[in-house]
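Colleague: Please work out how this folds:
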Amino acid sequence: MPTSKQVVDHMMMHDKFSQWLGIEVLDVKDGYSKIRMLIREEMLNGFGIIHGGITFSLADSAFAFACNNRNQLSVALDTSINFLKPVQVNDVLIAEAKEIHNGKSTGLYHIEVKNQNDHLVAQFKGLCYRTEKKLV
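Modeller: Numbers count the residues shown, from 1 in each chain. Below is the predicted model of the structure:
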């Protein structure tokens, strides 16, 4: 049976979007992941701050890595995010996903996104559905 790290490494190898975002996996264990990325200029919206979709995508990747790392293919059923502070170019964001519930068919995760100053910039909640399929 593959380790949590092996599953996430496999996911990252095939996840072109997370690669484009520049995501780096910092830590992973069963039901948990911690990742980071550098915010780049092409991620700006028309208001001169980072597009909310970028922060959402980082949190969503942390969610995916946490809920799939036991090698059971899980897909999002419901997600939500609260944007708490604006994100700027050259910020370094860290998303930490923690498992709240690990059921047979569903899992619930809370993801905090913080900047390099340890300021909470977003909170994300994700509910996943667990399939019978293996990832690796």
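Colleague: Tell me which helix or strand the residue positioned nearest the centre of the chain sits in.
Modeller: Computing the C-alpha centroid of the chain and ranking residues by C-alpha atoms, centre = their mean puts A62 first, at 1.8 Å. Mapping A62 onto the secondary structure by DSSP states H and E places it in helix 52-68.
Colleague: just checking, what packs against that helix?
Modeller: In terms of contacts (3 or more C-beta pairs under 8 Å, 6 or more residues apart in numbering; DSSP states H and E), helix 52-68 is packed against helix 4-14, helix 16-21, strand 24-29, strand 32-38, strand 74-83, strand 92-102, strand 106-114, strand 120-130. In this view, the C-beta of every residue, glycine as well, is placed from N, C-alpha and C.
Colleague: at 7 Å instead, please
Modeller: Helix 52-68 is packed against helix 4-14, helix 16-21, strand 32-38, strand 74-83, strand 92-102, strand 106-114, strand 120-130, with contacts defined by 3 or more C-beta pairs under 7 Å, 6 or more residues apart in numbering; DSSP states H and E.
Colleague: and those as TSV, adding mean neighbour count, distance to L44 and mean pLDDT?
Modeller: Listed next are these as TSV, based on neighbours: other C-beta atoms under 10 Å; distance: least, C-beta to C-beta, whole Å; pLDDT from 0 to 100:
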stretch	mean neighbour count	distance to L44	mean pLDDT
helix 4-14	16	25	97
helix 16-21	14	14	96
strand 32-38	21	14	98
strand 74-83	14	15	98
strand 92-102	18	14	98
strand 106-114	21	17	98
strand 120-130	19	15	98
